[in-house]
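Chemist: I'd like to go over a predicted model; first the sequence, then the structure.
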Amino acid sequence: MTSRAVLGVPAGGSGGGGVTVQAPEKDTNGDALWVWCYPSVTAELRSLLLRKCCLTDENKLLHTFVFGQYKRSWFYITTVEVQDSPALKKVTHFSIVLMAKDFNPEKYAAFTRILCRIYLKHGSPVKMMESYIAVLTKGICQSEENGSFLSKDFDARKAYLAGSIKDIVSQFGMETVILYTALMLKKRIVVYHPRIEAIQEFTRTLPALVWHRQDWSILHSYVHLNEEEVEALKACTGYIAGFTDSEVNSRPDLYDVYVNLADSEITISPVVKEAMTMGKLHKEIGQLIVQSAEDPDKSDSQVIKDISLKTKEILTTLASLTEVSDGNEKPTLNSEALKQKRFPPATENFLFHLAAAEQMLKI
């Protein structure tokens, strides 16, 4: 059996700020080939993307759609099994890879599906490029047989709200507050599950727990224990990283909080035990999260709003303990004011570390 890889990269899309299309294939001999790419990519990136495609020998399962981030660029990969295509007689599978600057899995899944249909029919990247360029220049491509794509239908906010906070709380209950605290303090969260689909669904939702930041750049939903990928991840200060390799459990250098999604277990690294000390405030937050999520009348977005209001309350308290000094525009934490409030030790500790995460400590 042969596998084929097709890659295409748009070079500046509507809202995407740069998209690359690539096409790897697998042929009937079982070989994965890099067939086409626009514009060109480095050998390092090409190697990474082939690893993410399920076209190489070690990957037996067909993952129809995966996405992730590497060095601040997002990759979106749709893989198709070829059946009865006169244009692709010696090809068993191919992948369409889009690289872009924005996080929007639904948008790029829809677009890559259309490109896949075109490639299945014609077996040539030329027709794909026509649709690709139409989307880049006009934000739209239309075809009766291949479907229509309208870029403005895919709002970034919709992508942020696509996951289910309620599902996370249903699985982890009060322990969800550990994830909330880790995210507030910009810690490193590693999530393990043998199924990439489960990891992607779970990890993409986590940044919504700190909705006030609306920062999905912390998400690395598909990481391999590969030297280049690990080094790129380590260069980030705080992150959410998804792995399908259970060996990541024995890499404490990569995480402050380890989530075994398959076994519903959360482990806090000894390195951050002090910063992550739980107290009365955390119990309040945890109860609020659970009560809101368990309310059958509330949607996921309403749960996110409830959590966000509590976060705003905490940030307002923190702001009241800051001062502007030495000509700095950014307010910094007044440690004496914090001590005078006589908060419970765990609350004082959390506010101090939150100020550090928000770069509000005097250096």
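Modeler: Everything's here; your move. Numbering: from 1, shown residues only.
Chemist: any chance you could map the helices in the stretch 1-150 of the chain?
Modeler: 43-52, 105-122, 125-138 (DSSP state H, counting those that start in this stretch).
Chemist: What mean pLDDT does the shortest one get?
Modeler: With pLDDT averaged residue by residue, helix 43-52 scores 86.
Chemist: who does it touch, helix- and strand-wise?
Modeler: Here helix 43-52 touches strand 3-9, strand 20-27, strand 32-38, strand 65-70, strand 73-81, helix 227-234, going by 3 or more Cβ pairs under 8 Å, 6 or more residues apart in numbering; DSSP states H and E. Where you see a C-beta, it was placed from the backbone N, CA and C, and this is true even at glycine.
Chemist: Now do the buried residues in it.
Modeler: Buried residues in helix 43-52, defined by neighbour count with 16 or more other Cβ atoms under 10 Å: L45, R46, L48, L49, L50, R51, K52.
Chemist: ditto for the last one
Modeler: Neighbour-count burial for helix 125-138, with 16+ other Cβ under 10 Å as criterion, is recorded at P125, K127, M128, M129, S131, Y132, V135, L136.
Chemist: Dump these to JSON lines, plus pLDDT.
Modeler: JSON lines is the format used below for those (pLDDT from 0 to 100):
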{"residue": "P125", "pLDDT": "76"}
{"residue": "K127", "pLDDT": "77"}
{"residue": "M128", "pLDDT": "75"}
{"residue": "M129", "pLDDT": "76"}
{"residue": "S131", "pLDDT": "75"}
{"residue": "Y132", "pLDDT": "73"}
{"residue": "V135", "pLDDT": "73"}
{"residue": "L136", "pLDDT": "71"}
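Chemist: Of the residues you listed, just say which sits nearest to S301.
Modeler: V135 (28.1 Å; Cβ to Cβ).
Chemist: Any idea what the residue nearest to that closest one when sequence neighbours are not counted is bridged to?
Modeler: What sits nearest to V135 in space, not counting adjacent residues and going by Cβ to Cβ, 6 or more residues apart in numbering, is C141, at 5.3 Å. Beta-bridge pairing for C141 (DSSP bridges): F149.
Chemist: quick one: contacts for C141?
Modeler: Contacts were defined as Cβ atoms under 8 Å, 6 or more residues apart in numbering; by that measure C141 touches I114, S131, Y132, A134, V135, S148, F149.
Chemist: do the same with P105
Modeler: Neighbours of P105 in contact, by Cβ under 8 Å, 6+ apart: F65, F67, Y76, A159, A162, Q200, R204.
Chemist: Weed out the non-buried ones from the residues you listed.
Modeler: F65, F67, Y76, A159, Q200, R204.
Chemist: mind saving the C-alpha coords of stretch 272-288 as CSV?
Modeler: The C-alpha trace of stretch 272-288 is given here as CSV (Å, rounded to 0.1, in the frame of the first residue of the first chain):
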residue,chain,number,x,y,z
VAL,A,272,4.9,24.4,42.2
LYS,A,273,3.3,22.9,45.3
GLU,A,274,3.9,26.2,47.3
ALA,A,275,2.5,28.5,44.5
MET,A,276,-0.5,26.2,44.0
THR,A,277,-1.4,25.8,47.7
MET,A,278,-5.2,25.6,47.9
GLY,A,279,-7.3,27.4,50.5
LYS,A,280,-10.7,29.0,51.3
LEU,A,281,-10.6,31.1,48.1
HIS,A,282,-9.9,28.1,45.9
LYS,A,283,-12.7,26.2,47.5
GLU,A,284,-15.1,29.1,46.8
ILE,A,285,-13.9,29.2,43.2
GLY,A,286,-14.2,25.4,42.8
GLN,A,287,-17.8,25.4,44.2
LEU,A,288,-18.8,28.3,41.9
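Chemist: how far does it sit from the chain's center?
Modeler: 25 Å (Cα atoms, centre = their mean, to the nearest Å).
Chemist: So for that stretch, what gets flagged as buried?
Modeler: Result for stretch 272-288 [16+ other Cβ under 10 Å]: buried residues V272, A275, M276, T277, M278, L281, H282, I285, G286, L288.
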